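Colleague: After the sequence you'll find the predicted model.
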Amino acid sequence: MKKKLIHLYQQYESSNKSKVYDILRKQNGKLSMIKKVIQNKLTMEDLITSEDYYLTTLDMWILASELKLPIMLFSQSPLENLNLKVDWIIMGGNPLKDRFFFIRSPAISNKCPEYRVVTPQRPLYELDGFGTILENPDNYIDNNMDFESYLKMIWQNTLRPSMQLLVQVGSML
């Protein structure tokens, strides 16, 4: 799985390095790790293959999107570590047909996150209120996007100029 994750991040790094690094910095406990990558003290490949690296919500999303895994991530509050204002997101799969894995995202902290998987897998239309929501894709447009669309959206809405400069300076070192 780490090799697949490395490959996927390498695909996005070439054109979206600032975006990816900015989002990864906000993942639970990843700030110091990503700073080392930005400062060229460590490569993304070395970081991901290290014993210290653990799965984040961004990692789950890039994998679920690429592999078409039916995963819904949800939280009691907005998914702030992804810069989202929604409390659930469909990371992959077909909302109208697939049986989904439901993963509860923990609160933001500076340590390795503890995710909870709700079992069994279920189609979204079986959830209270989702039958109506699923009737019109406009009802859940902010909750259902592939990883690439997410990167485009997040870049337009949230990236701070200071982060852009930090990544540019780091790549020049």
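Modeller: Sure, I can see it. Numbering: from 1, shown residues only.
Colleague: so the residue most central in space within the chain is in which element?
Modeller: Geometric centre of the chain, nearest residue: L58, 2.2 Å, by CA atoms, centre = their mean. Using DSSP states H and E, L58 sits in helix 57-67.
Colleague: May I have the next helix or strand after that helix as CSV, with CA atoms only?
Modeller: Using DSSP H and E, the next helix or strand after helix 57-67 towards the C-terminus is strand 71-74. C-alpha atoms of strand 71-74 as CSV (Å, rounded to 0.1, in the frame of the first residue of the first chain):
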residue,chain,number,x,y,z
ILE,A,71,-15.6,4.9,1.4
MET,A,72,-17.5,7.6,3.3
LEU,A,73,-15.5,9.6,5.8
PHE,A,74,-17.5,11.3,8.4
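Colleague: Quick check: next helix or strand after the longest strand along the chain?
Modeller: Criterion DSSP state E: the longest strand present in the chain is strand 116-123. As assigned by DSSP H and E, the chain's next helix or strand after strand 116-123 is helix 130-134.
Colleague: May I see the buried residues of that following helix?
Modeller: 130, 134 (16 or more other CB atoms under 10 Å). Any C-beta I mention is one placed from the backbone N, CA and C, and that applies to glycine too.
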